[in-house]
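# this is a predicted model, with the sequence first.
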Amino acid sequence: MKTRSVAALTAILVVAPLAAVAPGAQAAPQSRPGGSARSAGSALVGGIDLDTVTIPELQTRMARGSLSSVRLTLAYLRRIKAIDPKINAVLRTSPTALGQAAASDIRHRLGRTRGPLDGIPVLLKDNVNTRDMPTTAGSLALAGKPPAADAELVAKLRAGGAVILGKANLSEWANFRAAKPTSGWSAVGGQTHNPYVLDRNPCGSSAGSAAALAASLAQVAIGTETDGSIVCPAGMNAVVGLKPSLGVVSQSGVVPISAEQDTAGPMARNVIDTALTLSVLSGGDPDPGLAAAAARPGALRGKRIGLWRLPVLGAEVDALMTRTAERLRASGAEVVEVDLPYQERLAALEFPALLSEFHRDIDAYLATRKGPRDLAGLIEFNRTHPQERTCFAGQELFEQALAAPPTTDPEYRSMRAELADLSRRSIDEVMTEHGLDAIASPANPPAWTTDCGRGDNDVIPSSTPAAVAGYPSLSVPAGFVGELPVGLLLMAGKNQDADLLSLGAAVEHRLDGRRAPRYLPTLPTG
């Protein structure tokens with residue numbers, strides 16, 4: 001008997017499942033005892049609930065042959081087709097996704113898997129360069145030819161065997177264009193909706209990544225953050241999002257705002273998947289025992305957590321924080337009330353510094369792409385393309401950045417130095433004074449109604465200290481205000497990502513603050 005080539009095996013693994021769902025195929029629907037055939041939008045595949053399954057559980061099944069990456073990838077592609085029209089979170093799927101999955105299945109059969117993400121479908125925010133799909137940052141200015149090369153983080157995902165499933169919608173230019181933008185809207189993709197209540201906003205520029213995860217359209221997703229754009233959408237969509245310490249994940253090939261604050265980061269429906277994805281993105285060692293350790297009785301005993309309440313987010317959120325503190329204390333944690341200093345000064349300095357950094361960094365990025373070659377050309381593009389103004393017309397931040405002092409200016413350098421000093425002190429001093437393992441705060445208010453005319457209603461100060469300091473922050477589901485999710489934001493000191501994930505897993509286990517969305521059209525008035 002001749003040995004089949006890898007290419008032939010890949011073709012068989014891809015074509016066989018496609019034939020089973022091809023138009024005109026008469027395969028009998030699979031039924032469960034007492035139930036009817038599953039619909040294309042079902043979260044169940046082979047007895048697995050995609051809404052709750054973790055990567056270690058999927059890898060166990062793939063290792064023993066009861067699940068294939070092709071079957072898993074097909075399940076997600078079918079869910080995207082059935083569910084995404086409600087939320088508009090996925091811009092495009094990769095035409096090579098099933099081929100990638102088939103190659104992973106061969107590696108599993110040969111015992112040559114590449115790590116925890118081998119065969120796992122991943123969505124990328126569409127400001128992360130991919131050589132085989134457009135990378136637009138939501139703008140028609142970049143909607144032509146794909147970049148010449150993958151972003152470094154995509155190369156690491158591919159090397160780790162991940163299935164690049166497609167691209168997620170985002171807030172155009174990562175919400176750094178207009179003074180009053182509408183989060184989740186881009187000229188390329190339109191408006192992404194919150195899966196919990198469809199007329200509510202998904203928050204932040206990683207809106208599509210978070211909404212897709214909430215709807216179980218991928219196992220994990222990649223977001224990016226300058227200040228709040230991973231952790232706020234994670235909170236508002238009841239998923240987990242990590243903003244890593246600055247420099248842990250390469251920013252090479254990611255559309256920038258500021259090299260001083262930008263980072264890509266992993267998002268998932270649970271902390272263990274988030275941690276395993278970070279291990280691939282960063283080249284670190286995965287911790288597959290994280291979930292088991294978090295579930296141990298006493299995992300939170302003796303942990304000291306500072307609660308930064310932020311009553312500006314409303315009485316209902318504050319009441320949820322009180323209940324959260326009570327649950328953490330009941331699990332053995334010590335929760336003390338804290339207030340972070342220097343916040344008014346940080347708010348005054350951050351935006352002017354970002355304007356100068358954006359001008360520098362976006363000019364450098366645009367020089368690598370077809371289309372406008374610099375910020376001035378981008379401004380002119382928006383003026384002459386009406387499709388770029390169908391939700392909001394403004395590009396005030398572009399215009400202010402064009403006029404901002406260069407990053408060589410002594411005044412700018414003084415601002416950034418003060419920002420770095422005060423943001424780090426705001427966390428370090430409080431953690432040292434109270435002997436804390438982490439600082440906790442609400443990640444988001446209840447989602448506001450999406451309104452192009454009004455723009456966002458997003459006074460959310462909790463993300464700023466860690467974002468400006470370059471320290472890690474992690475949003476885990478805390479619970480709900482009515483039908484709307486609220487996240488608990490945990491932050492810690494420099495390069496304490498692993499410790500923060502370990503604590504976050506224990507907090508997640510105790511709070512159990514997530515439930516699947518119901519895709520409500522709106523909330524009852526009153």
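Noted; the coordinates are in hand.
# which secondary structure state does the residue nearest to the spatial centre of the chain sit in?
Computing the C-alpha centroid of the chain and ranking residues by Cα atoms, centre = their mean puts G223 first, at 3.6 Å. Under DSSP: H, G, I helix; E, B strand; the rest coil, the three-state class of G223 is strand.
# again with I439
Reducing the assignment at I439 to three states with three-state DSSP gives strand.
# A505 too?
Reducing the assignment at A505 to three states with three-state DSSP gives helix.
# surely the residue nearest to the centre of the chain and M267 touch.
Yes - with contact defined as Cβ atoms under 8 Å, G223 and M267 form a contacting pair (5.0 Å). Quick note: C-beta positions are derived from backbone N, CA and C, even for glycine.
# what segments of the stretch 1-150 of the chain are strands?
For the stretch 1-150 of the chain, the strands defined by DSSP state E, counting those that start in this stretch cover 44-45, 48-49, 90-93, 121-125.
# wait, which of those strands is closest to S502?
Closest of these to S502 is strand 121-125, at 22.8 Å (criterion: Cβ to Cβ).
# ok, the closest one: who's next to it in the sheet?
strand 163-168 (parallel), strand 220-225 (parallel) (DSSP bridges).
# can you pull up the bridge partners for I48?
Beta-bridge partners for I48, by DSSP bridges, are V45.
# out of the strands paired with strand 121-125, which is the most enclosed?
When you average the neighbours per residue for each of these (mean count of other Cβ atoms under 10 Å), strand 220-225 leads with a mean of 30.
# okay, that one in CSV with CA atoms only?
Below are the C-alpha coordinates for strand 220-225, written out as CSV (Å, rounded to 0.1, in the frame of the first residue of the first chain):
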residue,chain,number,x,y,z
VAL,A,220,-10.1,32.7,21.3
ALA,A,221,-9.5,36.1,19.7
ILE,A,222,-6.8,38.7,19.6
GLY,A,223,-7.6,42.3,20.6
THR,A,224,-5.4,45.4,21.0
GLU,A,225,-5.4,48.1,23.6
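# what ranges do the helices span in the stretch 251-400 of the chain?
All helices of the stretch 251-400 of the chain, identified by DSSP state H, counting those that start in this stretch, fall at 271-282, 290-295, 315-330, 343-366, 375-384, 396-403.
# and the second one, which residues are buried?
Within helix 290-295, the residues scored as buried using 16 or more other Cβ atoms under 10 Å are 290-291, 294.
# in space, what's closest to A238 - neighbours in sequence excluded?
P485 (3.6 Å; Cβ to Cβ, 6 or more residues apart in numbering).
# surely the one you found touches M236?
Yes - with the criterion set as Cβ under 8 Å, P485 and M236 qualify as a contacting pair; they are 6.1 Å apart.
# identify the contacts common to these two.
Residues within reach of P485 and of M236 at once, by Cβ atoms under 8 Å, 6 or more residues apart in numbering, are A447.
# neighbour count winner among these two?
Between P485 and M236, counting by other Cβ atoms under 10 Å, M236 is the more crowded of the two (33 against 28).
# so the closest residue in space to that one that isn't next to it in sequence versus D273, what's the distance?
With Cβ to Cβ, 6+ apart as the measure, C203 is the residue that lies nearest to M236, at 4.0 Å, once sequence neighbours are left out. C203 sits 21 Å away from D273, going by Cβ to Cβ, to the nearest Å.
# got it, and V220?
Distance of V220 to D273, computed by Cβ to Cβ: 5 Å.
# list residues touching both of the two?
55, 266.
# which stretches of this protein have low pLDDT?
Counting by pLDDT under 70, the chain contains low-confidence residues at 1-41, 288, 526.
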